[in-house]
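# Fold the stuff below for me.
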Amino acid sequence: AMLRNALSDDFWAVRQTAVEALRRYKGSEGTAIRKDLQKVAAKDPKTQVRAAAINSLASFQNEDYGQLYTAALTDSSYTVTSAAINALAKAPTVTSLKEITALQETKNAALIDAISNYFALNGTADQYEWFLRRSNDVRNEALYQFLQNFATLMLRMPPVERDKGIARLEIIARSYPNQYARLGAYKGLSMLVPSSPSVKLTLQDIRSREKDKNLATIYTMLQ
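Presented below is the predicted three-dimensional model:
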């Protein structure tokens, strides 16, 4: 009861805390709680609270909030739209791929990250070139997850069609100035080893040439 009352508190941070506390709620008032969260996701005046409500709704398995998530794709806030895309990544609708593809040329970093997550789980060969192209736009730490999402998409493609993607990951893993980006590329390559065994030799060579001691240690732990 306290948390439900807090959803209408005057202070946005209190509302956000209550929304986050209700993630995966399994009590006797589940239906009422989920309805409350839907109202917050659609109508709360604060961006962070709407996004948090979408994240909490996405934590409830076997529930269909596709219509709400789709509506949030046109929200005025990139934070809310990103939350909606990540929610749709786990529970796509019939039209979500088309609708999210319409957003794919965005310059917003958070939105690119969310779109890459959606494409990783639900994309097709049509999104392969998008990853190759947008990997030039993503910078530094943001590449860490982006490149692993790229590898996830490549896992669904025939090994013979992965050459360009593997080459891009290898270049970044060897020479990108940011260590988190290099680690993301390395982990992406590692994901491809089971179906592209030749990548294993590439990884060995990358490990042997890595000059950053901390990163070299992480590589050893990932073997």
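# Show me where the chain dips below the pLDDT cut-off.
Under the criterion pLDDT under 70, no range of the chain is flagged.
# Let me see the ranges of the helices in it.
Under the criterion DSSP state H, helices of the chain are mapped to 2-6, 12-21, 30-43, 47-58, 66-72, 78-90, 96-101, 109-122, 128-134, 142-154, 163-175, 179-192, 199-209, 213-222.
# Columns mean neighbour count on top of those, output as TSV?
In this view, the C-beta of every residue, glycine as well, is placed from N, C-alpha and C. Output for those, formatted as TSV (neighbours: other CB atoms under 10 Å):
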stretch	mean neighbour count
helix 2-6	12
helix 12-21	18
helix 30-43	16
helix 47-58	23
helix 66-72	18
helix 78-90	24
helix 96-101	18
helix 109-122	21
helix 128-134	17
helix 142-154	23
helix 163-175	18
helix 179-192	22
helix 199-209	15
helix 213-222	13
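# quick one: the closest residue to Y176 other than its chain neighbours and L143, what's the gap?
Using CB to CB, 6 or more residues apart in numbering and skipping the chain neighbours, the partner closest in space to Y176 is R182 (5.2 Å). Separation of R182 from L143 (CB to CB, to the nearest Å): 9 Å.
# quick one: common contacting residues for those two?
I172, Y176 (CB atoms under 8 Å, 6 or more residues apart in numbering).
# and the nearest residue to I54 once chain neighbours are set aside, what is it in contact with?
Among residues not flanking I54 along the chain, A83 sits closest, at 4.2 Å (CB to CB, 6+ apart). For A83, the contact set (CB under 8 Å, 6+ apart) comprises R50, A51, A52, I54, N55, A58, A72, A114.
# Which residues are in contact with the residue nearest to Y176?
Here R182 is in contact with I172, A173, R174, Y176, E210, D212, L215 (criterion: CB under 8 Å, 6+ apart).
# residues making contact with stretch 144-156?
Contacts with stretch 144-156, where a contact means CB under 8 Å, 6+ apart, come from 112-113, 116-117, 119-121, 123-124, 127-128, 131, 134-135, 138, 162, 165-166, 168-169, 172, 180-181, 183-185, 187-189, 191-192, 195.
# what about dumping the CA coordinates of it to CSV?
The C-alpha coordinates for stretch 144-156 follow below in CSV (Å, rounded to 0.1, in the frame of the first residue of the first chain):
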residue,chain,number,x,y,z
TYR,A,144,31.5,-2.5,-25.6
GLN,A,145,27.9,-3.6,-25.7
PHE,A,146,27.2,-2.6,-29.3
LEU,A,147,29.9,-5.0,-30.7
GLN,A,148,28.6,-7.9,-28.6
ASN,A,149,25.1,-7.2,-29.9
PHE,A,150,26.6,-7.3,-33.4
ALA,A,151,28.1,-10.7,-32.7
THR,A,152,24.8,-11.9,-31.4
LEU,A,153,23.2,-11.0,-34.7
MET,A,154,26.0,-12.7,-36.6
LEU,A,155,25.4,-15.9,-34.7
ARG,A,156,22.1,-16.3,-36.7
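# Can you give me the distance of the residue lying closest to A58 once chain neighbours are set aside to I54?
In this structure, A58 finds its nearest non-sequential neighbour in A87, 3.9 Å apart by CB to CB, 6+ apart. Per CB to CB, A87 is found 5 Å from I54.
# related to what we said a few turns ago, if I look at the residue nearest to I54, how far off is T101?
Separation of A83 from T101 (CB to CB): 18 Å.
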